[in-house]
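[1] Okay, predicted coordinates and the sequence, questions at the end:
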Amino acid sequence: MNMWPAYIAATRDGLPAGDEKIVFDRFHIMRAMTTAVDTVRKQEHWAFLRAGGDSPLTGTNHLWLFNEDRLPDQHASTFTTLQALNLQVGRAWAIKEALGTLWTYRQGAAVRRFFRQWYGWAIRSRLEPVKAVARMLKRHRDGVLRFVTHPITNGVAEGLNSKIMSVKRKAGGFRNPDHFTTAIYFHCGGIDLYPR
């Protein structure tokens, strides 16, 4: 799940030992970190512009959104040049990339040690958006690190929800909840419309 307090409260109240069953979703955690990187980039870009100089960050907003292994080849040299400038956004991006390693661990002690080191780096970064995400992850540390014992995501549920919202949008809404339910079963139920 994501870290929305209502989800957490419902799980704690509705399941026996619900607090021990919560696994926070990687996608939502990395999205929060990516947003922090983008916020650092915007702040640094405006600092360059306010100082009256040209900003090396002009037109580079999309570059900082890529993961290291997914950066397109045509942007590799530009990105390498930007990283050599020792920018704050470069530091924030490196912290985000390091966090991605968390989901490769399979042992509790190792992932806790990694998280302690990563958290220390993030908190000492002097980058307020990054520190805010680090503090949030520390508050929810058990649910974040529980991925080691329960390597699951809510990607399937998110995909199904997206498909349901698409059905609703295409229909322009439903006045009758039963018709909406029928449409969901029809479009998401795996029905073979052309049986042999």
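    Sure, I can see it. Numbers count the residues shown, from 1 in each chain.

[2] Break this protein down into its domains, please.
    5-148, 155-188 (automatic domain parsing).

[3] Dump the ones you listed into JSON lines; add mean neighbour count as well.
    Any C-beta I mention is one placed from the backbone N, CA and C, and that applies to glycine too. Output for these, formatted as JSON lines (neighbours: other CB atoms under 10 Å):
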{"stretch": "domain 5-148", "mean neighbour count": "15"}
{"stretch": "domain 155-188", "mean neighbour count": "11"}
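
[4] To Tyr194, which of these lies closest?
    Nearest to Tyr194, of all the domains of the chain, is domain 155-188, at 14.3 Å by CB to CB.

[5] Between the two ends of that closest one, how far is it?
    For domain 155-188, the first-to-last residue distance is 15 Å (CA to CA, to the nearest Å).

[6] Let's verify the closest residue to Glu68 other than its chain neighbours: helix, strand, or coil?
    Leaving out its chain neighbours, the residue that sits closest to Glu68 by CB to CB, 6 or more residues apart in numbering is Glu97, at 5.4 Å. Using DSSP: H, G, I helix; E, B strand; the rest coil, the structure places Glu97 in helix.

[7] okay, the domains of the chain in CSV with distance to Tyr194 next?
    Output for the domains of the chain, formatted as CSV (distance: least, CB to CB, whole Å):
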stretch, distance to Tyr194
domain 5-148, 34
domain 155-188, 14
